[in-house]
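*Asks:* Have a look at this prediction, sequence included:
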Amino acid sequence: MIPIHFRQSAERHWRDASTLHAALRHHNADHLFGIAAECAFKAIMVALGSPVTADGDLTTKQHRTHIDNLWSEYQAFVSGRNARYVSRLPGSNLFADWRVGARYATDAHIGDLAATEHEAAARVAMLTLQEAVTDGIVS
């Protein structure tokens, strides 16, 4: 069993995505921005009481999803527990067009614009995570 640690995963994927984006490796950067945001949200959800397995993964089916679907699940779950951690998020899902399956797409599928938009959305997720860490909610 590999223990799951969403905060460390979010931070690692964010660093790698930022490095790839700066190197104009938009496709993989875009993928990792989505994964970073997903892990950031899951870290906060776990800290606010979402049930987890023995290895630390989420047990609720709706929470075991990728960022394109998790965005709204996160907002609904967290709003009922601590609205502060949704206050930075816009009403619309900034990852609605992101797909985990895009990792199999051609290089031309993801361009700079999509990666830049997802970088901004992931930045919001990472700032929210950092706020939860500073508040002592997420360790």
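*Replies:* Structure received.

*Asks:* The residue nearest the centre of the chain: what's it in contact with?
*Replies:* The C-alpha lying nearest the average C-alpha coordinate of the chain belongs to Ala37 (CA atoms, centre = their mean; 1.6 Å). Neighbour list for Ala37: Ala10, Ile67, Phe95, His118, Ala121, Ala122, Val124, Ala125, Met126 [criterion: CB atoms under 8 Å, 6 or more residues apart in numbering]. Using the backbone N, CA and C atoms, a C-beta is placed for each residue, glycine as well.

*Asks:* Grab the nearest non-local neighbour of the fourth one.
*Replies:* Distance criterion CB to CB, 6 or more residues apart in numbering; nearest residue to His118, sequence neighbours excluded, is Phe33 at 4.3 Å.

*Asks:* Quick one: residues contacting the one you found.
*Replies:* Residues in contact with Phe33 (CB under 8 Å, 6+ apart) are His13, Trp14, Ala17, His21, Ala115, His118, Glu119, Ala121, Ala122.

*Asks:* In three-state terms, label it for me.
*Replies:* helix (DSSP: H, G, I helix; E, B strand; the rest coil).

*Asks:* Quick check: the gap between it and Asn93.
*Replies:* To Asn93, Phe33 is 14 Å away according to CB to CB, to the nearest Å.

*Asks:* Could you do Arg7 as well?
*Replies:* 22 Å.

*Asks:* re earlier: doesn't the residue nearest to the centre of the chain fall inside a strand?
*Replies:* No: under the criterion used here (three-state DSSP), Ala37 is helix, not part of a strand.

*Asks:* Tell me which helix or strand Ala114 sits in.
*Replies:* helix 112-134 (DSSP states H and E).

*Asks:* which other helices and strands contact that helix?
*Replies:* When contacts are defined as 3 or more CB pairs under 8 Å, 6 or more residues apart in numbering; DSSP states H and E, helix 112-134 sits against helix 6-22, helix 26-47.
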